[in-house]
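S.K.: Here is my input; please provide its structure:
(chains A and B)
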Amino acid sequence: DAKTTQPNSMESNEEEPVHLPCNHSTISGTDYIHWYRQLPSQGPEYVIHGLTSNVNNRMASLAIAEDRKSSTLILHRATLRDAAVYYCILRDAASWGKLQFGAGTQVVVTP
Amino acid sequence: DAGVIQSPRHEVTEMGQEVTLRCKPISGHDYLFWYRQTMMRGLELLIYFNNNVPIDDSGMPEDRFSAKMPNASFSTLKIQPSEPRDSAVYFCASSPLAGQVGSDTQYFGPGTRLTVL
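M.R.: Residues are numbered from 1 along each chain as shown, chains lettered A, B, ... in the order given. Now for the predicted structure:
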């Protein structure tokens, strides 16, 4: 299975943008890039996903490199409620049911 | 919808006892997943069901673990006998069928924190 690499932690000031990188150099053509986040003492929650094109939703934006070997999750204005572990996951369309979580990136937001 | 419901939220038991964790998926969802989270191993998929049928149980650690889904609105994860190394947070998640609205997303419950003494 293709794996992802993320920094262990990132720090941001409140109301500033946060750019979370993810490397996935062995990504295959059928792998979707998914992002989940886990707030303290809660279950993971879906953030965004994409295949080739950049994606936007109310929570975040996903920028995907042209060669798809990396992507960046963008939180446009970090709030204290965005402090969480963010997971970048490759999800093969063929093995649809499986989500393989890595260690993720711990985002710390300071006021 | 109330979301995925798990019970109990906390469970403390002694080594050797049987433990049963329960999950009610979101109504209408066809997929149900059981995960375990520990500091050492992170989040691991244990097993998942489609239409109440187990599809992949390759993540179940050993024969002491078993999972059932007797109907579309209920699933159990049982550990018998329990051991201290089973201490973890166990999450249940559900998802609609592929092609339906929201099918790209797994919706997680709040988890059950299990402590085996």
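
S.K.: alpha carbons only for contacts and neighbour counts from here, please
M.R.: OK.

S.K.: So which residues on chain B come close to chain A?
M.R.: Residues of chain B lying close to chain A (C-alpha under 8 Å from any C-alpha of the partner chain) are B:42-45, B:48, B:91, B:105-111.

S.K.: Verify the stated contact: residue A:72 with residue A:19.
M.R.: Yes - between residue A:72 and residue A:19 there is a contact at 6.2 Å, judged by C-alpha atoms under 8 Å.

S.K.: Any chance of a PyMOL selection covering the buried ones in the residues of chain B next to chain A?
M.R.: With 16 or more other C-alpha atoms under 10 Å in any protein chain shown as the criterion, this PyMOL line picks the buried residues out of the residues of chain B next to chain A:
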select buried, chain B and resi 43+44+45+48+91+105+106+107+108+109+110+111
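
S.K.: which two from the residues of chain B next to chain A end up farthest apart in space?
M.R.: Greatest spacing in these, by C-alpha to C-alpha: B:42 and B:105 (19.7 Å).

S.K.: picking up where we left off before, make a markdown table out of the residues of chain B next to chain A and add distance to residue A:24, pLDDT and secondary structure.
M.R.: Below are the residues of chain B next to chain A laid out as a markdown table (distance: C-alpha to C-alpha, whole Å; pLDDT from 0 to 100; DSSP: H, G, I helix; E, B strand; the rest coil):
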| residue | distance to residue A:24 | pLDDT | secondary structure |
| --- | --- | --- | --- |
| B:42 | 19 | 93 | strand |
| B:43 | 19 | 94 | strand |
| B:44 | 19 | 94 | strand |
| B:45 | 20 | 94 | strand |
| B:48 | 25 | 94 | strand |
| B:91 | 26 | 98 | strand |
| B:105 | 20 | 89 | coil |
| B:106 | 21 | 93 | coil |
| B:107 | 24 | 95 | strand |
| B:108 | 25 | 97 | strand |
| B:109 | 28 | 97 | coil |
| B:110 | 29 | 97 | coil |
| B:111 | 29 | 98 | coil |
